[in-house]
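>>> no sequence for this one, just the structure:
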């Protein structure tokens with residue numbers, strides 16, 4: 001079946017245009033749906049004038065990543081679900097490669113290889129991995145040479161920036177958690193799909209260039225607040241602090257991240273966000289961790305990766 005590509009966007013006219021041009025240049029065509037979260041920069045007019053083949057869904061307000069996509073996916077499309085950020089530029093074989101991997105592996109989730117915009121020979125993300133005890137998540141293979149993607153297995157799940165999902169599998173777990181406004185919704189979806197028995201493959205030939213955090217900025221207080229909320233919510237929802245070890249490691253990791261934000265960026269937004277997310281999950285049914293797909297990530301590696309992001 002023909003896949004449907006869904007692109008959520010907010011005031012990203014210039015980068016959205018380039019992303020849509022890269023979709024137009026694919027060797028295998030797909031339907032394209034742009035989900036506009038209330039842009040005020042003329043994005044809607046640009047799509048109507050220059051990309052009439054695209055379906056535009058105008059939400060009129062910012063519903064966030066998961067809610068916007070859930071609505072679009074429920075309204076349009078009946079084939080495989082291809083999710084793309086508006087800051088990803090695809091290589092011409094991307095769609096063909098990711099579909100071929102899904103067909104050959106039978107995986108309900110397929111991660112692609114996103115390359116760093118400033119160093120396209122290095123991987124920005126090849127999906128997501130997460131610590132088996134704290135759920136602290138990292139981009140799979142970040143900073144590694146692109147060739148290594150052909151030599152490894154699949155991650156826990158794909159990054160929402162460029163991912164393929166089997167539609168029936170996606171719908172069977174309820175799609176994205178609508179409580180999560182943005183960030184880590186792809187981690188939560190991967191966990192729930194793993195719990196349901198679905199697997200993730202990595203398509204080493206499906207590649208694109210990714211300009212990271214172009215909507216909110218990689219170090220903005222607003223982003224720290226939103227990511228903090230999602231962390232607090234998931235920590236409580238999955239009960240990762242119920243064991244003594246889980247409590248100690250989670251407090252250490254989260255404390256380290258928040259301390260770094262305070263010292264380097266002079267913002268407590270991450271702390272406040274975590275507290276709000278923790279409170280939002282109060283009384284909700286606890287979710288269990290999957291038996292497969294998670295990784296034991298040492299404190300040394302976790303600290304090193306977070307320091308690299310800060311500096």
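Cool, got the structure. Keep in mind the model is a prediction, meaning the values are calculated, not measured.
>>> helices or strands next to whichever helix or strand residue 193 is part of in the packing?
For residue 193, the element it lies in under DSSP states H and E is helix 185-195. With contacts defined as 3 or more Cβ pairs under 8 Å, 6 or more residues apart in numbering; DSSP states H and E, helix 185-195 has these neighbours: strand 128-130, helix 167-172, strand 200-210, helix 221-237. Every C-beta, even on glycine, is put in place using the N, C-alpha and C of the backbone.
>>> how many residues are close by residue 190?
The burial count assigned to residue 190 is 30, neighbours taken as other Cβ atoms under 10 Å.
>>> next up, the contacts around residue 167.
Contact criterion Cβ atoms under 8 Å, 6 or more residues apart in numbering gives 73, 77-81 as the residues in contact with residue 167.
>>> just the ones of the residues you listed in strands?
residue 81 (DSSP state E).
>>> among the contacts of residue 167, the buried ones, what's the PyMOL command?
Of those, the buried ones can be selected in PyMOL as follows, counting by 16 or more other Cβ atoms under 10 Å:
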select buried, resi 73+77+80+81
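>>> least confident pick among the contacts of residue 167?
Comparing pLDDT over those singles out residue 78 as the least confident position, at 91.
>>> got the contact list for it?
The neighbourhood of residue 78, defined by Cβ under 8 Å, 6+ apart, consists of 1, 4, 167.
>>> what of residue 37?
Contacts for residue 37 (Cβ under 8 Å, 6+ apart) come out as 8-10, 59, 61-64, 68.
>>> which one of those sits in the busiest neighbourhood?
By neighbour count, taken as other Cβ under 10 Å, the most surrounded of the contacts of residue 37 turns out to be residue 8 (28 neighbours).
>>> secondary structure class for that one?
Look at residue 8: counting by DSSP: H, G, I helix; E, B strand; the rest coil, its state is strand.
>>> ok now do it, which residues does it touch?
The contact partners of residue 8, by Cβ under 8 Å, 6+ apart, come to 35, 37, 65, 68-69, 72, 85-86.
>>> which one of those residues is nearest to residue 223?
Sorting the contacts of residue 8 by how near they are to residue 223, with Cβ to Cβ, puts residue 65 at the top with 12.5 Å.
>>> tell me the secondary structure for the residue lying closest to that closest one once chain neighbours are set aside?
Using Cβ to Cβ, 6 or more residues apart in numbering and skipping residues adjacent in sequence, the residue nearest residue 65 is residue 182, 4.5 Å away. Assigned state for residue 182: coil (three-state reduction, three-state DSSP).
>>> surely residue 182 touches residue 225?
No - in this structure residue 182 lies outside contact range of residue 225 using Cβ atoms under 8 Å: 10.5 Å.
>>> ok, these two, which is more surrounded?
Neighbour count, other Cβ under 10 Å: between residue 182 and residue 225, residue 182 has more, with 23 against 20.
>>> quick check: angle from the helix holding residue 193 to strand 200-210?
Taking axes from the mean of the first three to the mean of the last three Cα atoms, to 10 degrees, helix 185-195 and strand 200-210 form an angle of 170 degrees between their directions.
>>> average model confidence for helix 185-195?
Regarding helix 185-195, the rounded mean pLDDT is 98.
>>> the inter-axis angle of it versus helix 221-237?
With the same axes, to 10 degrees defining the directions, helix 185-195 sits at 20 degrees from helix 221-237.
>>> may I see the helices and strands packed on helix 185-195 arranged in JSON lines, with distance to residue 19 as well?
Rendered in JSON lines, the data for those read as follows (distance: least, Cβ to Cβ, whole Å):
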{"stretch": "strand 128-130", "distance to residue 19": "21"}
{"stretch": "helix 167-172", "distance to residue 19": "21"}
{"stretch": "strand 200-210", "distance to residue 19": "9"}
{"stretch": "helix 221-237", "distance to residue 19": "20"}
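>>> which phi and psi does the spatially closest residue to residue 31 that is not a sequence neighbour have?
When the adjacent residues along the chain are set aside, residue 31 lies closest to residue 4, with 4.3 Å between them (Cβ to Cβ, 6+ apart). Torsion angles at residue 4 (phi, psi; degrees, to the nearest 10) stand at phi -120, psi 120.
>>> show the pLDDT at residue 4.
pLDDT, the model's per-residue confidence, is 98 for residue 4.
>>> with residue 215 instead?
Reading off the confidence values, residue 215 has pLDDT 53.
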